[in-house]
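K.L.:
One predicted model, sequence on top.
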Amino acid sequence: MKIINCNELSVQLSDTMMVTSHAILEVLQGRSLTCFLDKIDTPVKRSSVQSLSFHAMRYLGWASAVGKCLIKKYPNKLFESLWLLSLTLLKFSNLEKNEKNLKFVPIYKDFVIVNEAVNVTNNMTLLKPYKSLLNAGLRNFLRKRCFLENMVEDNLEACWNYQRWWIDNLRSAYYDSWEMMLSLANIPSQLAIRVNTRQIDRDSVVSIFLENDIDCRRFGDSGIILQKKIISKLDNLVGFSEGWWCVQDAGAQLAGSILGVEDGMSVLDACAAPGGKASHLLELANINLLALDCDEVRLNRMKQNLERLRLYSDNVKLMHADAMDLEKWWDGKLFDAVLADVPCSASGIVRKHPDIRWLRKESDIKKFVLRQIKIIDALWNTVAPGGKMLYVTCSIFYEECIGQALSFLDRHSDAIFLDSPAQILPVSCNNDNIVSHDGFFYALFKKKFSFN
Ligand SMILES: C[S@@+](CC[C@H](N)C(=O)[O-])C[C@H]1O[C@@H](n2cnc3c(N)ncnc32)[C@H](O)[C@@H]1O
């Protein structure tokens with residue numbers, strides 16, 4: 001069975017399942033799927049593995065629950081990965097792809113999935129001895145499918161495909177919308193880009209895209225949604241190397257206008273890499289920017305991004321530093337505006353990173369909250385009286401968002417909350433007329449003058 005991609009190249013399903021099993025294995029062992037996918041060298045292969053592995057992540061809770069009913073103990077983790085992948089594919093086998101909600105689901109016939117999964121075991125030493133276990137297990141699933149589906153119906157992890165603590169967290173914070181939030185995260189996101197208006201105006205980019213048969217539409221001040229799934233590497237797309245645009249979620253594109261930078265301001269972006277929001281600030285006004293990040297590799301990527309966008313100049317300084325450690329990096333000059341896009345659970349971006357819901361541990365949230373407190377409390381010292389600090393997360397957990405903003409106001413009597421969106425819940429859609437975006441939190445604080 002071949003997966004046909006729009007650029008006419010094809011990949012054997014069993015090959016894709018083999019690589020995808022390794023991708024799932026990474027997640028089962030607590031490592032990031034994105035890092036694994038980034039190492040796949042051919043775009044077609046990466047795209048096929050991404051499609052199957054994202055699907056597996058979105059139905060992993062269900063597959064784990066059903067899988068355990070059929071095989072009590074897995075011989076090894078790679079077997080478990082292939083087994084879970086096969087079950088997530090069998091969950092939708094034989095359905096009609098043209099059903100609206102199944103637009104993004106990889107659909108194959110039962111016998112194709114079973115044959116191709118068994119083929120994977122032929123070529124792998126760790127799996128070969130367990131070929132008949134896999135074959136019998138999958139056929140057993142097909143015979144008892146209805147019964148098994150009923151059995152896991154009341155299991156919340158199987159039903160929603162998140163860890164139980166994640167479900168409980170959202171259920172307590174969003175009593176009327178938690179179900180919608182959990183299920184919408186399984187609808188893949190649209191691809192949004194932001195036009196670099198220092199280089200080119202948006203209408204020109206739209207015209208060039210349309211001339212190149214790339215369906216697109218405008219949103220916000222400088223955003224474009226690309227309608228068609230683009231399988232080829234994005235950096236081959238027209239205008240990328242010229243720095244006309246960068247990929248940025250529609251929700252992230254709000255940061256620039258909320259912070260409200262103006263010509264001549266001195267601005268600190270304290271958690272800056274890879275520079276999505278910093279580059280937006282540089283497009284919006286002629287500012288003096290200091291950008292910090294504690295991750296040198298990401299900071300180097302930021303430099304490359306700014307260079308590509310033609311935004312790297314004498315007014316921009318990149319520094320490898322820990323934002324909390326003021327003594328090491330701060331010269332005492334106050335900033336007019338500070339962007340604190342802090343490290344967080346990333347619970348607002350699970351559509352694009354569906355592995356996060358399995359990688360995070362409940363105990364991580366407390367650690368993130370404490371780290372966020374240390375970062376923003378340190379940064380507040382660097383804000384000039386009358387200056388602003390924008391606290392941003394890509395989280396939807398109360399503790400990292402509303403709770404964090406409220407406790408900041410409790411700790412800092414010189415902080416005023418300025419009009420800003422606060423919690424932005426993720427929006428997913430099958431509908432081309434709605435702009436989907438990830439979940440973010442934005443709280444803008446102003447520092448009082450001492451005589452206020
Ligand atoms: C949410 S990402 C920032 C995304 C970036 N603002 C953008 O728009 O592209 C958070 C960043 O904070 C960095 N970081 C985490 N802890 C930090 C610290 N204590 N000091 C400086 N940077 C930190 C991480 O390396 C990561 O690059």
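P.N.:
Now that the structure is in, tell me what you want to look at. Numbers count the residues shown, from 1 in each chain.
K.L.:
Near the residue of the stretch 351-452 of the chain found nearest the ligand, how many residues? Count them for me, please.
P.N.:
Closest residue of the stretch 351-452 of the chain to the ligand, CB to the nearest ligand atom: residue 375 (5.5 Å). Backbone N, C-alpha and C define where each C-beta goes, glycine included. Other residues near residue 375 come to 20 when the count uses other CB atoms under 10 Å.
K.L.:
Tell me which helix or strand comes right after the host helix or strand of it.
P.N.:
Taking DSSP states H and E as the definition, one finds residue 375 inside helix 362-380. Next helix or strand after helix 362-380 toward the C-terminus (DSSP H and E): strand 383-393.
K.L.:
What are the boundaries of the strands in the stretch 151-300 of the chain?
P.N.:
191-195, 216-219, 223-226, 245-247, 266-269, 288-293 (DSSP state E, counting those that start in this stretch).
K.L.:
List the residues that contact residue 293.
P.N.:
Shown in contact with residue 293 (CB atoms under 8 Å, 6 or more residues apart in numbering): 271-273, 299, 302, 318, 320-321.
K.L.:
and which of those is nearest to residue 245?
P.N.:
Proximity of the contacts of residue 293 to residue 245 (CB to CB) peaks at residue 302, which lies at 16.6 Å.
K.L.:
tell me which element residue 446 is part of?
P.N.:
strand 440-447.
K.L.:
So which elements touch that strand?
P.N.:
helix 255-259, strand 383-393, helix 402-411, strand 415-424 (3 or more CB pairs under 8 Å, 6 or more residues apart in numbering; DSSP states H and E).
K.L.:
buried residues in the third one?
P.N.:
What that stands for is helix 402-411. Across helix 402-411, burial judged by 16 or more other CB atoms under 10 Å covers 404-405, 408.
K.L.:
chain center to it, what's the gap?
P.N.:
Distance of helix 402-411 from its chain centroid, counting by CA atoms, centre = their mean, to the nearest Å, is 25 Å.
K.L.:
and that helix with strand 415-424, angle?
P.N.:
180 degrees (axes from the mean of the first three to the mean of the last three CA atoms, to 10 degrees).
K.L.:
Write out the residues of the stretch 201-350 of the chain neighbouring the ligand.
P.N.:
270-277, 292-295, 298, 322-324, 341, 343 (CB under 6 Å from any ligand atom).
K.L.:
Kindly supply the PyMOL command isolating those of those that are buried.
P.N.:
The following PyMOL line selects those of these that are buried, judged by 16+ other CB under 10 Å:
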select buried, resi 270+271+272+273+274+275+276+277+292+293+294+323+324+341+343
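K.L.:
Next, count neighbours for residue 370.
P.N.:
Neighbour number of residue 370 under other CB under 10 Å is 10.
K.L.:
again, but for residue 77
P.N.:
Residue 77: 14 neighbours (other CB under 10 Å).
K.L.:
Domains in the chain, by residue range?
P.N.:
13-160, 190-248, 254-447 (the TED database).
K.L.:
could you give me the average pLDDT of the longest one?
P.N.:
Looking back up the chat, that one is domain 254-447. Average pLDDT, domain 254-447: 96.
K.L.:
now do the same end-to-end measure for that domain.
P.N.:
21 Å (CA to CA, to the nearest Å).
K.L.:
Tell me which of the domains of the chain approaches residue 167 most closely.
P.N.:
Per CB to CB, nearest to residue 167 of the domains of the chain: domain 13-160, 5.4 Å.
K.L.:
The closest one vs the ligand: in contact?
P.N.:
No: judged by CB under 6 Å from any ligand atom, domain 13-160 and the ligand are separated, with a smallest distance of 13.3 Å.
K.L.:
next one: that domain to chain centre, how far?
P.N.:
On CA atoms, centre = their mean, the centre of domain 13-160 falls 22 Å from the chain's centre.
K.L.:
so how far is the first residue of that domain from its last?
P.N.:
27 Å.
K.L.:
Stretch 68-81 now?
P.N.:
13 Å.
K.L.:
So for it, what gets flagged as buried?
P.N.:
Buried, per 16+ other CB under 10 Å, within stretch 68-81: 71, 74, 78-81.
K.L.:
tell me the two of those that are most distant?
P.N.:
71 and 78 (13.9 Å).
K.L.:
Generate TSV for the helices and strands packed on strand 440-447, with distance to residue 20 as supplementary columns.
P.N.:
Listed next are these as TSV, based on distance: least, CB to CB, whole Å:
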stretch	distance to residue 20
helix 255-259	34
strand 383-393	30
helix 402-411	37
strand 415-424	32
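K.L.:
so which of those comes closest to residue 135?
P.N.:
The nearest among those, by CB to CB, is strand 383-393 at 46.1 Å.
K.L.:
Which strands or helices does the closest one pack on?
P.N.:
Right, strand 383-393 is packed against helix 255-259, strand 335-341, helix 362-380, helix 402-411, strand 440-447 by 3+ CB pairs under 8 Å, 6+ apart.
K.L.:
Pull the distance from it to the chain's centre.
P.N.:
Worked out by CA atoms, centre = their mean, strand 383-393 lies 25 Å from the chain centre.
K.L.:
do stretch 200-207 as well
P.N.:
The chain centre lies 27 Å from the centre of stretch 200-207; the measure is CA atoms, centre = their mean.
K.L.:
May I see the buried residues of it?
P.N.:
Result for stretch 200-207 [16+ other CB under 10 Å]: buried residues 200, 202, 205-206.
K.L.:
In those, find the pair that's most separated.
P.N.:
Longest span within those, CB to CB: 200 and 206, 10.5 Å.
K.L.:
Quick one: name the residues of the stretch 351-452 of the chain near the ligand.
P.N.:
Residues of the stretch 351-452 of the chain lying near the ligand (CB under 6 Å from any ligand atom): residue 375.
K.L.:
go with 8 Å
P.N.:
Contacts of the stretch 351-452 of the chain with the ligand, taken as CB under 8 Å from any ligand atom, map to 371, 374-375, 392-394.
K.L.:
Can you name the two of those residues that sit furthest apart?
P.N.:
Every pair of these checked by CB to CB; the farthest is 374 and 394, at 19.0 Å.
K.L.:
which one of those two has more residues nearby?
P.N.:
residue 394 (27 against 14).
K.L.:
Not including adjacent chain positions, what is the nearest residue to residue 252?
P.N.:
Sequence neighbours aside, residue 276 is the residue nearest to residue 252 in space, at 5.9 Å (criterion: CB to CB, 6 or more residues apart in numbering).
K.L.:
What residues does that neighbour make contact with?
P.N.:
Contacts of residue 276 (CB under 8 Å, 6+ apart): 246, 248, 252.
K.L.:
burial measure for the residue lying closest to the second one once chain neighbours are set aside, as a count.
P.N.:
Distances taken as CB to CB, 6+ apart place residue 194 nearest to residue 248, at 4.5 Å, with adjacent residues excluded. Residue 194 sits with 25 neighbouring residues when counted by other CB under 10 Å.
K.L.:
Please consider this matter closed, and thank you.
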